[in-house]
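>>> Give me a 3D structure for the following:
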Amino acid sequence: MMRTPRLDDPDLPLTEIMRHWPATVPVFLARGMLCVGCVIGPFHTIDDACEEYGIDPDILLAELRAAVSLAAATRPPAGAAAGR
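Model (predicted):
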């Protein structure tokens, strides 16, 4: 059985973050980070990207968590009919 990754895993590559939590993509884009679709994404972590862009990793992680939480809170319940 495959474990769900943790957003705060320091070794988790950016591409895995965006794959598991698509709601994080706008956070990267809003900060002008070119991580979305970058060929380095499979190798860079949050810390790596923050170092490249001069961003505090704790602040970015808090923004990513907030985006994931908001997406989870606004997601329709499983099995709910779309468009009703």
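
>>> Centroid-nearest residue for the protein?
Nearest to the centroid of the C-alpha atoms of the chain, with distances taken as Cα atoms, centre = their mean, sits residue 24, at 3.5 Å.

>>> okay but that one is in contact with residue 64, surely?
Yes: if you go by Cβ atoms under 8 Å, residue 24 and residue 64 touch, sitting 4.9 Å apart. C-betas here are computed from N, CA, C, even on glycine.

>>> sorry, back to before: tell me the contacts of the residue nearest to the centre of the chain?
Listed by Cβ atoms under 8 Å, 6 or more residues apart in numbering, the contact partners of residue 24 are 17-18, 64, 67-68.

>>> per-residue confidence for residue 75?
According to the prediction, residue 75 has pLDDT 77.

>>> Share the number of residues neighbouring it, please.
10 (other Cβ atoms under 10 Å).

>>> Quick one: residues contacting residue 20.
Going by Cβ under 8 Å, 6+ apart, residue 20 touches 4-5.

>>> how close does it sit to residue 44?
Separation of residue 20 from residue 44 (Cβ to Cβ, to the nearest Å) stands at 16 Å.

>>> can you check residue 34 too?
In terms of Cβ to Cβ, residue 34 sits 11 Å off from residue 44.
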